[in-house]
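1. just the structure for this:
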Amino acid sequence: MKKKKKKKKKKKKKKKKKKKKKKKKKKKKKKKKKKKKKKKKKKKKKKKKKKKKKKKKKNANAKATIIVLLRTRTTPLKHQLCYNCISPCYVFVKHI
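-> Presented below is the predicted three-dimensional model:
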């Protein structure tokens, strides 16, 4: 029996692709924007209306025990009129 001759496959030659040279893109320089300084608006101060204090009528007969504060205390308490003297004192006035 005759041996069949194997057909040789022809190898296809691969075409070499030419490499295209990439053109370098020039980067555009970004211009820096100058920030505008915002002008601060001045707030208008509202004028507070002063409330008129009602004057308390002094009771000559009002019984009040006056607790005098210790002199060592640095922060004075409310300015209140004590009933014994006309001038304001740093005292508590307790009504009975």
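
2. quick check: which ranges of this protein have low pLDDT?
-> Within the chain, the set of residues satisfying pLDDT under 70 comprises 1-2, 55-96.

3. strands along that one, start to end?
-> 64-68, 80-81, 88-89, 91-95 (DSSP state E).

4. tally of neighbours for residue 3?
-> Residue 3 is flanked by 5 other residues according to other Cβ atoms under 10 Å. Every C-beta, even on glycine, is put in place using the N, C-alpha and C of the backbone.

5. the one 10 residues further on now?
-> Here the neighbour count serves as a burial measure; for residue 13 (other Cβ under 10 Å) it reads 6.

6. can you check residue 34 too?
-> 6.

7. list phi and psi for it.
-> Main-chain dihedrals, residue 34, degrees, to the nearest 10: phi -80, psi 130.

8. look up how far residue 28 lies from it.
-> Using Cβ to Cβ, to the nearest Å, residue 34 is found at 19 Å from residue 28.

9. ok, now residue 11?
-> Residue 11 is 49 Å from residue 28, by Cβ to Cβ.

10. do residue 44 as well
-> Using Cβ to Cβ, residue 44 is found at 47 Å from residue 28.

11. do the same with residue 4
-> For residue 4, the distance to residue 28 - Cβ to Cβ - is 69 Å.

12. do the same with residue 10
-> Separation of residue 10 from residue 28 (Cβ to Cβ): 53 Å.

13. how about residue 47?
-> Going from residue 47 to residue 28 by Cβ to Cβ gives 57 Å.

14. got it, and residue 36?
-> Note on residue 36: its distance to residue 28, by Cβ to Cβ, is 24 Å.

15. and for residue 43, the neighbour number?
-> 6.

16. my bad, should have said residue 32
-> Residues within reach of residue 32, counting by other Cβ under 10 Å, total 6.

17. fine by me, we can end here.
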